[in-house]
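> Provided below are the primary sequence and the corresponding predicted coordinates.
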Amino acid sequence: MAYTTINKSSSFMNPRLYTGNAGTKNVTGVGFKPDWVWTKNRQDTYNHSLFDVVRGATKRIASNATLAEATVSASLTAFGSDGFSLGNDTTANASNLYASWNWLAGGSQGSSNTDGSINTTYTSVNTTAGFSISQYTGTGSAGATFGHGLGSKPAMIIFKCLSVAGPSWVVYHQSKGATYTLYLDQTSAGGASAEMLNNTEPTSSLITLGNGTSSNSSAPTIAYCFSEKVGYSKFGSYIGNGNVDGTFIYTGFKPAFVMVKNTSATENWIIFDNTRPGRNLTDALLKPNLNNVESTNGVKFDLLSNGFKARVNDAEGNSSGASYIYMAFGQSLVGTNNIPNNAF
């Protein structure tokens, strides 16, 4: 298997905390110019706010809602060389504590990908980090395809219809396969469905769409696509054991960001990272499908040098016999021999 070397994971994905000021603010310290910025107020019940360079600054979507994209002039106003700028919109910059998660795609809005039967409006792609952002308009007919640009098969894809309120966020994960659909804005365990990907696994170049309105509406849609990279990203599954000495999940790097979903039961998605609280045990949870404040009542995780481990019996992250999927990004260094150096 050929590996792409990730010399410093934080050059491609980095969590960054900030304190809002209800005015204008430049958030710095990300370490690169982010192409996808996801923010959440940790102390108040404002929606999650997701912005990307393909749609442009001020264009907001919320992972916990089926709302159409909104143009909010005082939200994220610019993607900067080391972070991003904010206006006084209360969702992204009230006088509260915030988490932000930042990814590097192609460094610009990109251009149209013409590989499939649908030409994307823009695709911004980073083949080294295995991340692309594509905007396209679907046909509504099963079997349509578009190019993701990664050069390797996506391990996870997150879709959102932009101009129509109602369709859910739909998620493909390689552990469940193309016949199974998950919903980022819901607690649903998901289930068998051909509507998202037409029961067709993505390839190294193309994604095949079903006839579902969430992924193949005749309206603009955004797709966040990820392929797995050794020492940097992992998209896997595990079985919980309901024990304080929880199942160990091997990633091959020390995680900086992990998102988990119970696919056996009706439970929330959860996000934990290496900045909240900034030490083990990591117990500060934010939930992509909810606008709730940050909570420490629930599953707790150890972030280890080569993976993570649950430390409590909790249905959202470690119920005995339950199946879970996860996406994880690292904070390790990877040498030219493709062996992670976890003393980051």
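That came in fine, so what should we check first?
> got a list of what Ala65 touches?
Residues in contact with Ala65 (C-beta atoms under 8 Å, 6 or more residues apart in numbering) are Asn47, Asp185, Asn291. To be clear about C-beta, it is placed using only N, CA and C from the backbone, and glycine gets the same treatment.
> one more time with 10 Å
By C-beta atoms under 10 Å, 6 or more residues apart in numbering, the residues touching Ala65 are Asn47, His48, Ala165, Ser168, Trp169, Asp185, Asn289, Asn291.
> what's the spacing between it and Trp169?
9 Å (C-beta to C-beta, to the nearest Å).
> how about Lys33?
Lys33 sits 25 Å away from Trp169, going by C-beta to C-beta.
> let me know the closest of the contacts of Ala65 to Ser141.
Nearest to Ser141 among the contacts of Ala65 is Ser168, at 20.0 Å by C-beta to C-beta.
> pLDDT score assigned to that closest one?
Note for Ser168: predicted pLDDT of 95.
> ok, how many other residues are close to the closest residue to it other than its chain neighbours?
Excluding the flanking residues, the one nearest Ser168 by C-beta to C-beta, 6 or more residues apart in numbering is Tyr183, at 4.7 Å. Other residues near Tyr183 come to 20 when the count uses other C-beta atoms under 10 Å.
> show me what contacts Tyr183?
The neighbours of Tyr183, taking C-beta under 10 Å, 6+ apart as the test, are 66, 168-171, 189-191, 196, 214, 261, 269, 289.
> now those residues as CSV including distance to Tyr18 and neighbour count?
As requested, the contacts of Tyr183 are exported to CSV (distance: C-beta to C-beta, whole Å; neighbours: other C-beta atoms under 10 Å):
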residue, distance to Tyr18, neighbour count
Thr66, 27, 18
Ser168, 29, 21
Trp169, 25, 26
Val170, 30, 28
Val171, 27, 24
Ala189, 34, 17
Gly190, 33, 17
Gly191, 38, 12
Met196, 34, 27
Ser214, 31, 24
Lys261, 26, 30
Trp269, 23, 25
Asn289, 23, 22
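> tell me which of those residues is nearest to Asn14?
Nearest to Asn14 out of the contacts of Tyr183 is Trp269 (C-beta to C-beta; 20.7 Å).
> residues touching that closest one, list them.
Contacts of Trp269 (C-beta under 10 Å, 6+ apart): 63-64, 171, 182-187, 259-262, 285-290, 316, 325.
> element containing Ile325, please.
Secondary structure from DSSP states H and E places Ile325 in strand 323-330.
> elements contacting that strand?
Contact partners of strand 323-330 among helices and strands, from 3 or more C-beta pairs under 10 Å, 6 or more residues apart in numbering; DSSP states H and E: strand 13-19, strand 156-161, strand 170-173, strand 233-239, strand 248-250, strand 255-262, strand 270-273, strand 307-310.
> got CSV for these, with distance to Ser108 too?
Putting these into CSV (distance: least, C-beta to C-beta, whole Å) gives the following:
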stretch, distance to Ser108
strand 13-19, 18
strand 156-161, 21
strand 170-173, 26
strand 233-239, 22
strand 248-250, 34
strand 255-262, 23
strand 270-273, 26
strand 307-310, 33
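> wait, which of those strands is closest to Ser218?
For Ser218, the closest of the helices and strands packed on strand 323-330 is strand 156-161, at 9.9 Å, according to C-beta to C-beta.
> pairing partners for that closest one, with directions?
With DSSP bridges as the test, strand 156-161 is paired with strand 170-173 (antiparallel), strand 220-226 (antiparallel).
> report the distance from it to the chain centre.
How far strand 156-161 lies from its chain's middle: 9 Å, per C-alpha atoms, centre = their mean, to the nearest Å.
> how big is the angle separating that strand from strand 255-262?
70 degrees (axes from the mean of the first three to the mean of the last three C-alpha atoms, to 10 degrees).
> for Ala94, what are its contacts?
Taking C-beta under 10 Å, 6+ apart as the criterion, Ala94 is in contact with Gly20, Asn21, Ala22, Asn41, Gln43, Asp44, Tyr46, Asn88.
> name the nearest of these relative to Gln331.
Distance ranking of the contacts of Ala94 against Gln331, using C-beta to C-beta, places Asn41 first at 24.2 Å.
> neighbours around that closest one, how many?
For Asn41, the count of nearby residues is 24 (other C-beta under 10 Å).
> try Val299
Residue neighbour count, defined by other C-beta under 10 Å, stands at 23 for Val299.
> how close does it get to Val164?
From Val299 across to Val164, the span is 34 Å (C-beta to C-beta).
> go on, Ala99?
According to C-beta to C-beta, Ala99 stands 28 Å off from Val164.
> more crowded one of those two?
Taking Ala99 and Val164 together and counting by other C-beta under 10 Å, Ala99 has the greater number of neighbours (21 against 17).
> mean confidence (pLDDT) on the one helix or strand the more buried one maps to, please.
Per DSSP H and E, Ala99 falls inside strand 97-103. For strand 97-103, mean pLDDT is 98.
> same deal with stretch 183-195?
Across stretch 183-195, the average pLDDT comes to 96.
> only C-alpha atoms, please: export it in PDB.
Extracted C-alpha coordinates of stretch 183-195, given in PDB (Å, rounded to 0.1, in the frame of the first residue of the first chain):
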ATOM      1  CA  TYR A 183     -27.700  11.700   9.300                       C
ATOM      2  CA  LEU A 184     -25.400  14.300  10.900                       C
ATOM      3  CA  ASP A 185     -28.300  16.400  12.100                       C
ATOM      4  CA  GLN A 186     -30.200  13.500  13.700                       C
ATOM      5  CA  THR A 187     -29.800  11.000  16.500                       C
ATOM      6  CA  SER A 188     -31.000   8.200  14.200                       C
ATOM      7  CA  ALA A 189     -28.800   5.100  14.000                       C
ATOM      8  CA  GLY A 190     -29.200   5.400  10.200                       C
ATOM      9  CA  GLY A 191     -30.100   2.400   8.000                       C
ATOM     10  CA  ALA A 192     -30.100   0.800   4.600                       C
ATOM     11  CA  SER A 193     -30.900   3.300   1.800                       C
ATOM     12  CA  ALA A 194     -30.000   3.600  -1.900                       C
ATOM     13  CA  GLU A 195     -31.100   7.300  -2.000                       C
END
